[in-house]
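> Mind looking at a prediction? Sequence and model below.
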Amino acid sequence: LQYAERLYAGCQQGYERLYADEGAVCEQLGALSHVLEGLVDVEPQLQGPVEAVKDALFGLEDAAGQLRHLADGVVFDEQRQTEVEERLAQLSTLQRKYHGEIAGILAYADEIEQELEQLRDSAATMEQLEGKISRSLEQLMALGAALSEQRQQAAKALKQAMESELEGLAMAKACFEVEFQSVEPAVLGLEKAEFYFSANPGQAPRPLASTASGGELSRIMLALRKVAPQADSLATMIFDEVDAGIGGVAASAVGERLCAVASGHQVLCITHLPQVAAYADVQYRVEKNVQNDQTSTRLVVLDDEERVQELARMLGGAQLSSQTVSHARELLQRCRRPSLF
């Protein structure tokens, strides 16, 4: 198709110049042959050239006939050529975009045809998916409701246990609550929980994070660890100011509970009370040194006798007496095997 027009023009032009046009090559050779034949009687040697001219004439006439036949057989369809060229351009674009080989393009066509088939069936698929979602949501709500009921029961038990523990930690009037707030149904249930706390009677419980002081938070955390020791996988806990504002029996209660929590975790506690320090498996003393106008701080591990001396200092101040040292030694011995509850 690309060369049809040129092929037709060439064949037709050859036919016309050889045979069809006025004064065509065959016409001139025929006239020449007739003139030369009339002179053969005069010059017999012209017989050879005459035969050659006739052979050439026959050959050219045959060639002209073939050219006419070829020209008649050429089909030139400009619209068809345009369609084919556009198709070839489209194939070239597909090869650049998807695959360099026709086989690869056809394979990709099959793939997207399957996707189209799935999309044609999307209405049925959507209906199936919506049914599955509806059933899953029903199951989620049922399980969530059961979980919510268990959480309500656990919240009541936690409130009682926490308030009992806080009473032993010099917070006898404290109120501890677990409040639930509804959320979008999800894998963790239908609500989220938040601890509410009030340290004094007459005060409505408020969110624990914005209500309790540092010492109160430490004691609340200590109580939580006591009543729910397996609540998480924390390996190490640090308590600071857990003994703030307490002393005497309450301090001993704090020490006992720290010791109980330490049976399943590593507990680091910063304290100024000997009743708390005496329960530790290992005791450190913090020392501050000033040398050449430079201040440094270090931790010193205390052995048994050094612990007795440090506990005595914590009990009686800088002036140690034999009675204070004896009290410290008795305290340390009693706390090494506490009667935990």
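Yep, it's here.
> Now do stretch 205-224: distance to the chain's middle.
36 Å (CA atoms, centre = their mean, to the nearest Å).
> Please enumerate the strands of this protein.
Applying DSSP state E to the chain gives strands spanning 175-186, 189-198, 206-207, 236-240, 266-270, 284-291, 294-301.
> If I average pLDDT within each of the ones you listed, which one is lowest?
When the strands of the chain are compared on mean pLDDT, strand 236-240 scores lowest, with a mean of 86.
> re earlier: among the strands of the chain, which comes closest to residue 56?
Proximity of these to residue 56 was assessed by CB to CB; the nearest stretch is strand 175-186, lying at 100.3 Å. Placement of C-beta: from N, CA and C, glycine included.
> Neighbouring strands - and their directions - for the closest one?
Using DSSP bridges, the strands paired with strand 175-186 are strand 189-198 (antiparallel).
> buried set for the partner strand?
Across strand 189-198, burial judged by 16 or more other CB atoms under 10 Å covers 189, 190, 191, 195, 196, 197, 198.
> Can you give the contact residues for that strand?
The contact list for strand 189-198 (CB atoms under 8 Å, 6 or more residues apart in numbering) reads 141, 144-145, 147-148, 151, 155, 174-183, 204-208, 211-212, 216, 220.
> again, only using 7 Å
Outside strand 189-198, the residues that touch it by CB atoms under 7 Å, 6 or more residues apart in numbering are 144, 147-148, 151, 174-183, 204-208, 211-212, 220.
> Show me just the buried residues among those residues.
Applying 16+ other CB under 10 Å to the contacts of strand 189-198 flags 144, 151, 174, 175, 176, 177, 178, 205, 208, 211, 212, 220 as buried.
> ok, the third one touching residue 162?
I take that to be residue 174. No - Residue 174 lies out of contact with residue 162 (CB atoms under 7 Å); the separation is 8.3 Å.
> hang on, the earlier thing: redo the strands of the chain as JSON lines? Include distance to residue 47.
Output for those, formatted as JSON lines (distance: least, CB to CB, whole Å):
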{"stretch": "strand 175-186", "distance to residue 47": "115"}
{"stretch": "strand 189-198", "distance to residue 47": "121"}
{"stretch": "strand 206-207", "distance to residue 47": "132"}
{"stretch": "strand 236-240", "distance to residue 47": "129"}
{"stretch": "strand 266-270", "distance to residue 47": "132"}
{"stretch": "strand 284-291", "distance to residue 47": "140"}
{"stretch": "strand 294-301", "distance to residue 47": "137"}
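> Which one of those strands lies nearest to residue 260?
strand 266-270 (9.8 Å).
> which strands and helices sit next to the closest one?
strand 236-240, helix 248-262 (3 or more CB pairs under 7 Å, 6 or more residues apart in numbering; DSSP states H and E).
> which parts of stretch 261-270 are buried?
For stretch 261-270, the buried set under the neighbour-count rule, 16+ other CB under 10 Å, comprises 261, 262, 267, 269.
> typo on my end, it should be stretch 42-60
Neighbour counts using 16+ other CB under 10 Å place 46, 50, 53, 54, 57, 60 of stretch 42-60 among the buried residues.
> Show me how far it is from its chain's centre.
95 Å.
> Report the mean per-residue pLDDT for it.
Stretch 42-60 comes out at a mean pLDDT of 89.
> cool, stretch 158-169 as well?
So the average pLDDT for stretch 158-169 ends up being 90.
> What of stretch 79-90?
74.
> from the middle of its chain, how far away would that stretch be?
Worked out by CA atoms, centre = their mean, stretch 79-90 lies 47 Å from the chain centre.
> before we move on, what about stretch 219-226?
That offset, for stretch 219-226, works out to 37 Å (CA atoms, centre = their mean).
> ok, now stretch 305-323?
59 Å.
> Using CSV, list the CA coordinates for it.
The C-alpha coordinates for stretch 305-323 follow below in CSV (Å, rounded to 0.1, in the frame of the first residue of the first chain):
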residue,chain,number,x,y,z
GLU,A,305,27.8,-2.6,107.5
GLU,A,306,27.8,0.5,105.3
ARG,A,307,24.1,0.0,104.8
VAL,A,308,23.6,-0.1,108.6
GLN,A,309,25.5,3.1,108.9
GLU,A,310,23.6,4.8,106.1
LEU,A,311,20.2,3.7,107.5
ALA,A,312,21.2,5.0,110.9
ARG,A,313,22.2,8.4,109.3
MET,A,314,18.8,8.4,107.6
LEU,A,315,17.1,7.7,110.9
GLY,A,316,19.0,10.0,113.2
GLY,A,317,20.9,12.5,111.1
ALA,A,318,24.6,13.2,111.1
GLN,A,319,25.0,12.4,114.9
LEU,A,320,25.0,8.6,115.2
SER,A,321,24.3,6.9,118.5
SER,A,322,24.6,3.3,119.4
GLN,A,323,20.8,3.2,119.8
